[in-house]
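Chemist: Fold the following for me, if possible:
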Amino acid sequence: MNIAFISHDSKKKLMQNFCIAYRGILSKHELYATETTGRLIEEVTNLNVHKVLAGQLGGAQQLGAQISHNVIDLVIFLRDPVHPRNQDDEMTNIVALCDSHQIPVATNVATAELLIKSLERGELEWREAYK
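Modeler: Numbering: from 1, shown residues only. Now for the predicted structure:
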């Protein structure tokens, strides 16, 4: 499965900790991320992450295109609802694309944990048939 990671600046440390905790599961999949998030994940997990541009430089659009073409199977987007950012419209589009293309998306760590554990149990294999 192809998993995409996006995180607002205030959630990057949480994303790193999440990836450390679930490194064993993540190592069995292809990982994609915006540039800074991907680099930070690689630094703490030693996992290979396919990186696109930084979110504000077009990375959100690049991931959006991959979502639209059914390349991505799962999105973990840890966002900060308290401190909105200028590119939130692009990030809102990511969630809308996931909804349109039946791609599971988590916007907080609680939901991310549920999706990763479901992935480990094979409960997201329907994505292969959907493609």
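Chemist: how about the spatially most central residue of the chain, what does it touch?
Modeler: Nearest to the centroid of the C-alpha atoms of the chain, with distances taken as Cα atoms, centre = their mean, sits residue 5, at 2.4 Å. Shown here is residue 5, whose contacts under the criterion Cβ atoms under 8 Å, 6 or more residues apart in numbering are 15, 19, 31-34, 37-38, 41, 49, 75-77. In short, each C-beta sits where N, CA and C put it, glycine included.
Chemist: With residue 79 instead?
Modeler: 6-8, 11, 91, 107-108.
Chemist: Scan these and report the most crowded one.
Modeler: Using other Cβ atoms under 10 Å as the neighbour test, the contacts of residue 79 are led by residue 6, with 26 neighbours.
Chemist: Torsion angles phi and psi at that one?
Modeler: When quoted as degrees, to the nearest 10, the phi and psi of residue 6 stand at phi -140, psi 140.
Chemist: Assess the claim that it and residue 95 are in contact.
Modeler: No. In this structure, residue 6 is not within contact of residue 95 by Cβ atoms under 8 Å, at 10.1 Å.
Chemist: Which elements pack onto whichever strand or helix holds residue 16?
Modeler: Using DSSP states H and E, residue 16 maps to helix 12-21. Contacts defined by 3 or more Cβ pairs under 8 Å, 6 or more residues apart in numbering; DSSP states H and E place helix 12-21 against strand 2-7, helix 35-45, strand 74-78, helix 109-120.
Chemist: Buried residues of the helix or strand following the longest one, list them for me.
Modeler: Going down the chain from helix 109-120, the next helix or strand is helix 126-130, by DSSP H and E. Residues residue 127 are the ones in helix 126-130 that count as buried (16 or more other Cβ atoms under 10 Å).
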